[in-house]
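Novice: sequence and predicted model, in that order:
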Amino acid sequence: MTCTIDSETIAQVISFHGHSCPGLALGIRVSEAALKHFSGLELSDLVAVVETDMCGVDAIQFLTGCTFGKGNLIHKDYGKMAFSFFHRPSGKGMRLLLDPAVRKDRDEEMNRLLGKSYAGEATPQEEGRLSALRSEMQELFLSSGLEELFISEVLDCPPPRPPEVLQSLTCEDCGESTMESRTRRFAGRTLCLPCFEKVEQKM
C-alpha cells in the first residue's frame, strides 16, 4: 500500500522542513502508521519518542502535533531509526523500527557517496549517482506498504510522564538561571551543565 497522506499535505510537510528527502519521506510514513494505529483518539494525548534526530522528526511534528515545546516529543539520542508513540489516557503504545531489509543493498553505496560528497571529494558523476539513489530511496519509502517498511511492536510499558514545571536555580559559576533537574553539584556548588562539564574530569 502506498502512502495514504494526500499530496497537498505532503507538500506542506516539505515546506515546513525546507526540502524533500528520503528521511522526510520516512517520517511521513512513520506518522501515517501512528495516526492509523491511534485512529479515533485525540491527537493531543499522543506522545512521540524518537531515537534519532534525522529529517523525519519534522514530519512527525507537523503531522502528529507532537512537538518539543508541548513536551510530547521526546528525543533519545540512540542513533536508531526507531519511533515510539503512546496514548497517555489509555496507556497504549507502539514502536516502529525501520526494517533494514527495506534498503537492501543501497546502504553501502549511498554511505560511501555521502562521505565523499560531505568531504567535497565527489565527482559530478558520483553526485549524480547519489542524487539518483536518494530519489530511489524516497520513492521506495513512499510506495512501500507500512508492514514492509517497519518492524512493529506493541509496547506494554507506561507512557512517559507529562512534563513538569520545576524550580530554577542559579548557577554559581556563570550566574544564569537553570532548571533544577539540569543542574549538578560539584565541590559544594550548584552548577549548570555547561559549567559542570568544564570542571568534571570524566566528561
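Specialist: That came in fine, so what should we check first? Keep in mind that what you see is a predicted model, and the values were worked out from it rather than measured.

Novice: just the CA coordinates for the top helix by length along the chain, please, in PDB.
Specialist: Scanning the chain for the longest helix, with DSSP state H as the assignment, gives helix 124-143. Output of helix 124-143 as PDB, limited to C-alpha atoms (Å, rounded to 0.1, in the frame of the first residue of the first chain):
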ATOM      1  CA  PRO A 124      30.000  15.200 -10.800                       C
ATOM      2  CA  GLN A 125      29.200  11.600 -11.800                       C
ATOM      3  CA  GLU A 126      29.200  10.500  -8.200                       C
ATOM      4  CA  GLU A 127      27.000  13.400  -7.200                       C
ATOM      5  CA  GLY A 128      24.500  12.400  -9.900                       C
ATOM      6  CA  ARG A 129      24.500   8.800  -8.700                       C
ATOM      7  CA  LEU A 130      24.000   9.900  -5.100                       C
ATOM      8  CA  SER A 131      21.000  12.100  -6.200                       C
ATOM      9  CA  ALA A 132      19.500   9.100  -8.100                       C
ATOM     10  CA  LEU A 133      19.900   6.800  -5.100                       C
ATOM     11  CA  ARG A 134      18.300   9.400  -2.800                       C
ATOM     12  CA  SER A 135      15.300   9.700  -5.200                       C
ATOM     13  CA  GLU A 136      15.000   5.900  -5.400                       C
ATOM     14  CA  MET A 137      15.100   5.600  -1.600                       C
ATOM     15  CA  GLN A 138      12.500   8.400  -1.200                       C
ATOM     16  CA  GLU A 139      10.200   6.700  -3.700                       C
ATOM     17  CA  LEU A 140      10.700   3.400  -2.000                       C
ATOM     18  CA  PHE A 141       9.700   4.800   1.400                       C
ATOM     19  CA  LEU A 142       6.600   6.400  -0.100                       C
ATOM     20  CA  SER A 143       5.400   3.500  -2.100                       C
END
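
Novice: name the residues of that helix that are buried.
Specialist: 130, 133-134, 137-138, 140-142 (16 or more other Cβ atoms under 10 Å). (Each C-beta comes from the backbone N, C-alpha and C, glycine too.)

Novice: what pLDDT, on average, does the host helix or strand of residue 35 get?
Specialist: Assessed by DSSP states H and E, residue 35 sits inside helix 22-37. Mean pLDDT, computed over helix 22-37, is 96.

Novice: for stretch 62-75, same thing?
Specialist: On average, the pLDDT along stretch 62-75 is 94.

Novice: chain center to that stretch: distance?
Specialist: Centre-to-centre, stretch 62-75 and its host chain are 10 Å apart (Cα atoms, centre = their mean, to the nearest Å).

Novice: mind listing what's buried in it?
Specialist: Buried residues in stretch 62-75 (16+ other Cβ under 10 Å): 62-66, 72-74.

Novice: same list, those residues, but as TSV with distance to residue 172 and secondary structure please.
Specialist: As requested, the buried residues of stretch 62-75 are exported to TSV (distance: Cβ to Cβ, whole Å; DSSP: H, G, I helix; E, B strand; the rest coil):
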residue	distance to residue 172	secondary structure
62	41	helix
63	43	helix
64	40	helix
65	39	coil
66	36	coil
72	33	coil
73	32	strand
74	29	strand
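
Novice: that concludes my questions; thank you for your assistance.
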